[in-house]
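Chemist: Have a look at this prediction, sequence included:
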Amino acid sequence: MDYTARIDALLGPDSEGIRLNAVSTLHGSATINGTSGPMGNDTDAKLFAALRDWADVTVVGSATVKAESYGPASNTRLAILSHSLDFAGFEDLIASGPIVLTPEERASSPEAQHLVEAGADVLSIGTGTMSEAISALRARGARRISCEGGPSVYSAFIAEGLVDKLYLTLDPHLSPSVEKPVIDGKATSPALKLELENVAAVDSTVFLRYRRTQTP
C-alpha cells in the first residue's frame, strides 16, 4: 500500500463533525519528557497533517501550543483557547492570523487588543465553555473541526459530548509512571460510548479510529 492510500485509509470517509486526534504511550501518557515529540512515527505525522487538511479549523489549547512550540499553520487555521492571552515568544504564530478563543470578560482587554494589532482574530466565547467555543466557530462557517488537545481540552470536549470521531495513536513506549494523562480534567459526565471503525499497525505503532455511537 502506498503512503497516500495508507493515510486515506487511516483518515476514513469524509464527513462533517468534530474529530479528536491524540497520541498516547502504551500506559496512557500524553508526553515523554514534557512533550509528544518522541512519540509516534512518520505515519502518525502524516495522519496529523491529513486531519489538519480535512478540518476547516483546528482547536488547540494555549498550553499545548507553548509546550509543543507551535509555529504558524500553513493550511488549516488554528483556533487557540486562551484565558491569559499571553503569547510572548510566539509572535510569528500570532502574526499568521490564528483565531484566539477567549471568554467574553477577556475579549475586550488590553491583551486582546494587542493580539488583534499583532494579527490575531480574537473571538469571544461567552463564559468559556467548549460548547460556546464550537458554536462561535460554527457561526463562522466551520463544519469540520479537529482538536489537538491537550489533556484538559480533550476532557472538556468529552464532558460536553463534542466528539464524533477519535483518532488515537498508541505509541510503543512504556515507562514506570504516567507523566501526563491523555485525558486530564475534573469535569464529570456520562461516558461516551465509541465504536471501533479502523485499526492498523505500522512499525509497532497502532492507529485506532473510533466513532461515537451514543450521546451523553
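Modeler: That came through fine. Residues are numbered from 1 along each chain as shown.

Chemist: measure the closest residue to S155 other than its chain neighbours to V65 for me?
Modeler: Closest residue in space to S155, ignoring its immediate chain neighbours: G185 at 2.5 Å, by C-beta to C-beta, 6 or more residues apart in numbering. C-betas here are computed from N, CA, C, even on glycine. When distance is defined by C-beta to C-beta, to the nearest Å, G185 is 18 Å away from V65.

Chemist: And for L170?
Modeler: 24 Å.

Chemist: following the top helix by length along the chain, which helix or strand comes up?
Modeler: Taking DSSP state H as the criterion, the chain has its longest helix at helix 42-54. Reading on from helix 42-54 to the C-terminus, the next helix or strand found by DSSP states H and E is strand 57-61.

Chemist: how about the strands of this structure, start to end?
Modeler: Remark: strands assigned in the chain by DSSP state E are 17-25, 57-61, 77-81, 99-102, 121-124, 144-147, 165-171, 194-202, 205-212.

Chemist: out of those, which comes closest to L93?
Modeler: With C-beta to C-beta, the closest approach to L93 among the strands of the chain belongs to strand 77-81: 7.8 Å.

Chemist: Show residues contacting that closest one.
Modeler: Contact with strand 77-81 is made by 56-62, 65, 70, 93, 97-102, 123, 133, 137, 153, as judged by C-beta atoms under 8 Å, 6 or more residues apart in numbering.

Chemist: could you redo the last one with a cut-off of 7 Å?
Modeler: Applying C-beta atoms under 7 Å, 6 or more residues apart in numbering, the contact partners of strand 77-81 are 57-62, 65, 98-101, 133, 137, 153.

Chemist: Give me the sheet partners of it and which way each runs.
Modeler: Its sheet considered, strand 77-81 pairs with strand 57-61 (parallel), strand 99-102 (parallel) by DSSP bridges.

Chemist: possible to save these as a markdown table with mean pLDDT and mean neighbour count?
Modeler: Below are the strands paired with strand 77-81 laid out as a markdown table (pLDDT from 0 to 100; neighbours: other C-beta atoms under 10 Å):
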| stretch | mean pLDDT | mean neighbour count |
| --- | --- | --- |
| strand 57-61 | 98 | 24 |
| strand 99-102 | 98 | 25 |
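
Chemist: Thanks again, I'm all set now.
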